[in-house]
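Trainee: okay, structure incoming, though there's no sequence with it:
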């Protein structure tokens, strides 16, 4: 194998001007809104976990889609149809079920409901 026709002066020592540079003008802007952290395991928050588990038990086709390790959707085996066409839509249904009337997250959910999809999806 032939060596490259020109060698970089930095040789991976952090003086790059292109890819991987930490220059401030290249970094993506940070979101103006703070990250939302949802607690699931504190005693006062277990009602959220219970709602999630109850939904998955009563909607097995949603559980099948969410825990299927292939594509975004899975073939459901029973007659019930999933709550959405893919994982993203099912997350939205569960998020609405959990947070729409949650006293702690009600205001934030009303303003930025899409951020809660990540909390349920993780």
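Mentor: That came through, no problem. Small disclaimer: the values here were computed from a predicted structure and weren't measured.
Trainee: could you list the buried residues of stretch 86-104?
Mentor: Going by neighbour count (16 or more other C-beta atoms under 10 Å), the buried part of stretch 86-104 is 87, 89-95, 97-99, 102. Glycine gets a C-beta too; all of them are placed from N, C-alpha and C.
Trainee: for that stretch, give me every contacting residue.
Mentor: Applying C-beta atoms under 8 Å, 6 or more residues apart in numbering, the contact partners of stretch 86-104 are 48, 51-52, 55, 62, 65-66, 72-73, 82-84, 105-106, 109, 113, 116-117, 119-121.
Trainee: now do the strands in this structure.
Mentor: Using DSSP state E, no strands are assigned anywhere in the chain.
Trainee: quick one: the helices in it?
Mentor: Under the criterion DSSP state H, the chain contains helices at 46-58, 60-67, 87-99, 106-111, 115-121.
Trainee: among these, which is nearest residue 38?
Mentor: Ranking the helices of the chain by their distance to residue 38 (criterion: C-beta to C-beta) puts helix 115-121 first, at 4.1 Å.
Trainee: now for the closest one, which elements pack on it?
Mentor: Judged by 3 or more C-beta pairs under 8 Å, 6 or more residues apart in numbering; DSSP states H and E, helix 115-121 is in contact with helix 87-99.
Trainee: between the buried residues of stretch 86-104, which is closest to residue 44?
Mentor: Closest approach to residue 44 among those (C-beta to C-beta): residue 102, at 11.6 Å.
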